[in-house]
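Participant: sequence? don't have it. structure:
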Ligand SMILES: Nc1ncnc2c1ncn2[C@@H]1O[C@H](COP(=O)(O)OP(=O)(O)O)[C@@H](O)[C@H]1O
Ligand SMILES: O=P(O)(O)OC[C@H](O)CO
């Protein structure tokens, strides 16, 4: 039996999963790693922890029968390292980090439109470009070293591949490149004007390949293994959910929530503050998507556990939501690091609305779970205005395991929410891309036939109740953002 190994380097944990010939997960290892919050709105990871946890899970799951490796990763998170030593010169600045918010504001008038036209993105600290600029400005001597060609930039995929290939490959794929705010998604190349704007020498940038390609061969294990698939985690989930036809949409509930709708070979420009991105690139041909990005989804549950410590594990939230007093309607806006789509407000922070003397742990936990549905509804409305017509959405990610949350999502969206049998669709997408390249897995149309439904959640709440709750949410958002 030969397997394809998927490495899923996420925001809160690193995972390795072995997929068999039928794309069924057969073995899995997972390791959480530290979150570093140096200041309000700042989020960092230690690149060595990312590296070590990745190595550990690969070793734990076993590589004896692995034919190829696919890598998928938290996107935008920025690492800069020395090409001679392989040492990162600063912590990884995580996608959630808002430290460059004011810098983005200062560029807005002149650059917002140009950046949107070239990259499909909004000018925001979420993306890698201003994070690279910040590191070059704040680490002593970094700019001189960068100009001398001694430093390399990469998103997490790039950093891992560089290390796994002993420095032989400095590469990324088009989906990750599309999240840097430095990549022209129409021309398929790094954009010189943007590199210049952010003071980034082109010598730092990785080569951009298709999502199924020869990314190099890892030489750090007992035997050489090719790395043949790479995609950002949300794009890998889009592939894993087999959203290959225009109009198909998936929504992933991990640390954040990211809804992507396939728009085919047309890069659709949103009028409602969604992003245009590359869903996957095969045989040199990009397939585009519209994306809505929410920064806090499952992370709100982590905060209940690790922050205010009112739960011991994530699954407890279901019983709490069931036990909550239905008369109490608390709105929890988890804008811990600002609001993403469609508001894009780096400056606001979280809030609870509607507290009474009867509000307790259960009501707060319920409001935390509900915040995920309300935020998705905001994205859904924006997608509809941009022309989406889908009557259902495919869900995945850690939080999709919560039946209560998924039922509430169907109620608040007013459409069917479909959960597949494999919720590790992110890893599955990466494995599929890697296996596709070596001829181990079939072409996309054939693969799409194997998508299997675990459970469909259909709306049960009366539409008027859902509308009243959504109105309450909109009111809370208006109060916070005004
Ligand atoms: N049963 C559950 N109910 C609610 N939230 C859950 C449940 N299981 C996992 N989660 C949340 O899902 C997230 C983990 O999902 P995962 O897809 O592994 O995230 P990531 O890839 O961002 O690290 C955590 O934030 C966790 O709080
Ligand atoms: O770690 P996740 O699964 O929440 O995904 C993070 C995204 O890639 C950030 O854009």
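Facilitator: Noted; the coordinates are in hand. Nothing here was measured: the structure is a model prediction, and the numbers come from that model. Numbers count the residues shown, from 1 in each chain. Ligands and ions are numbered 1, 2, ... in the order given.
Participant: quick one, what contacts the residue lying closest to residue 287 once chain neighbours are set aside?
Facilitator: For residue 287, ignoring the flanking residues on the chain, the nearest one in space by C-beta to C-beta, 6 or more residues apart in numbering is residue 279 at 4.8 Å. (C-beta placed from N, C-alpha, C; glycine too.) Listed by C-beta atoms under 8 Å, 6 or more residues apart in numbering, the contact partners of residue 279 are 175, 235, 238-239, 243, 260, 262, 286-289.
Participant: So which of these are in strands?
Facilitator: The strands, defined by DSSP state E, take in 260, 262, 286-289 from the contacts of residue 279.
Participant: For the nearest residue to residue 272 once chain neighbours are set aside, which three-state class applies?
Facilitator: Closest residue in space to residue 272, ignoring its immediate chain neighbours: residue 382 at 3.9 Å, by C-beta to C-beta, 6+ apart. Classification of residue 382 by DSSP: H, G, I helix; E, B strand; the rest coil places it in helix.
Participant: Between all of the contacts of residue 279, which two are separated the most?
Facilitator: Pairwise distances across these (C-beta to C-beta) peak at 14.8 Å, for the pair 243 and 286.
Participant: quick one: the helices in the stretch 201-350 of the chain?
Facilitator: Along the stretch 201-350 of the chain, counting by DSSP state H, counting those that start in this stretch, helices occupy 233-240, 298-302, 316-323.
Participant: ok so, going back, pick out whichever of the ones in strands among the contacts of residue 279 sits closest to residue 202.
Facilitator: Residue 202 has its nearest neighbour among the ones in strands among the contacts of residue 279 in residue 286, at 21.0 Å by C-beta to C-beta.
Participant: tally of neighbours for that closest one?
Facilitator: 21 (other C-beta atoms under 10 Å).
Participant: quick one: buried residues of stretch 61-80?
Facilitator: Residues 61, 63, 66-80 are the ones in stretch 61-80 that count as buried (16 or more other C-beta atoms under 10 Å).
Participant: one step back: neighbour-wise, which one of the ones in strands among the contacts of residue 279 leads?
Facilitator: residue 289 (31 neighbours).
Participant: Report the beta-bridge partners for that residue.
Facilitator: residue 262, residue 277 (DSSP bridges).
Participant: Let me see the contact set for it.
Facilitator: Residue 289 is in contact with 235, 238, 260-263, 276-279, counting by C-beta under 8 Å, 6+ apart.
Participant: cool, and residue 387?
Facilitator: So residue 387 contacts residue 268 (C-beta under 8 Å, 6+ apart).
Participant: distance of it from ligand 1?
Facilitator: According to C-beta to the nearest ligand atom, to the nearest Å, residue 387 and ligand 1 sit 29 Å apart.
Participant: what's the distance between that residue and residue 380?
Facilitator: 13 Å (C-beta to C-beta, to the nearest Å).
Participant: If I look at residue 225, what pLDDT would I see?
Facilitator: As predicted, residue 225 sits at a pLDDT of 96.
Participant: let me fix that: residue 178
Facilitator: Residue 178 is assigned 98 on the pLDDT scale.
Participant: tell me how far stretch 424-433 is from the chain's mean position?
Facilitator: Counting by C-alpha atoms, centre = their mean, to the nearest Å, stretch 424-433 is centred 14 Å from the centre of its parent chain.
Participant: Quickly check: that stretch near ligand 1 or not.
Facilitator: No. Against ligand 1, stretch 424-433 shows no contacts by C-beta under 6 Å from any ligand atom, the least distance being 6.9 Å.
Participant: what about that stretch, average pLDDT?
Facilitator: Stretch 424-433 carries an average pLDDT of 96.
Participant: Repeat that for stretch 439-448.
Facilitator: 94.
Participant: Rebuild the contacts of residue 279 as CSV, extending it with distance to residue 350 and pLDDT.
Facilitator: What follows is these, written out as CSV (distance: C-beta to C-beta, whole Å; pLDDT from 0 to 100):
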residue, distance to residue 350, pLDDT
175, 30, 98
235, 28, 97
238, 28, 97
239, 32, 97
243, 31, 95
260, 25, 95
262, 32, 94
286, 36, 97
287, 35, 97
288, 32, 97
289, 28, 96
